[in-house]
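> Below: sequence and its predicted model.
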Amino acid sequence: MSENEDERFKALAHPLRRALLSEMSDSGRSLAHLVRRTGASPSRISNHLRLMEQAQLVRTRKRGRGRIYQLRKEGLQQVLAFLKGLLGED
């Protein structure tokens, strides 16, 4: 397993990070939206988002003074491909 794959699985291991991923969409979500939906503090969510961005599961884009966080499908597809390989699926 490569270092990036290790980072992705580590990122997926935490329940709050999985909840954040579930809240995101193609169009993205703001930090305020993620705080409202999860009840976690902005700083806690920001730390988790930063880790997921490093693991290439999330991308960030600026919108005005804020940021929008959206799923990075390529990273999730690589996780899925690894799991399918374990199951012998193509």
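Thanks, I have it.
> going forward, measure contacts and count neighbours with C-alpha atoms only.
Will do.
> so where do the helices sit in this protein?
Applying DSSP state H to the chain gives helices spanning 3-13, 15-23, 31-38, 42-54, 73-87.
> which residues touch G66?
S30 (CA atoms under 8 Å, 6 or more residues apart in numbering).
> what bridges to it?
R63 (DSSP bridges).
> circling back: how about a markdown table for the helices of the chain, with mean pLDDT, mean neighbour count and distance to R61 added?
Output for the helices of the chain, formatted as a markdown table (pLDDT from 0 to 100; neighbours: other CA atoms under 10 Å; distance: least, CA to CA, whole Å):
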| stretch | mean pLDDT | mean neighbour count | distance to R61 |
| --- | --- | --- | --- |
| helix 3-13 | 89 | 15 | 20 |
| helix 15-23 | 95 | 16 | 16 |
| helix 31-38 | 95 | 15 | 12 |
| helix 42-54 | 96 | 17 | 11 |
| helix 73-87 | 91 | 14 | 15 |
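> can you tell which of those is closest to T60?
helix 42-54 (7.7 Å; CA to CA).
> what's that closest one packed up against?
Here helix 42-54 touches helix 3-13, helix 15-23, helix 31-38, strand 58-63, going by 3 or more CA pairs under 8 Å, 6 or more residues apart in numbering; DSSP states H and E.
> The shortest one: which residues count as buried?
Buried residues in strand 58-63, defined by neighbour count with 16 or more other CA atoms under 10 Å: 58-60.
> how distant is it from the center of its chain?
Centroid separation for strand 58-63 versus its chain: 12 Å, with CA atoms, centre = their mean, to the nearest Å.
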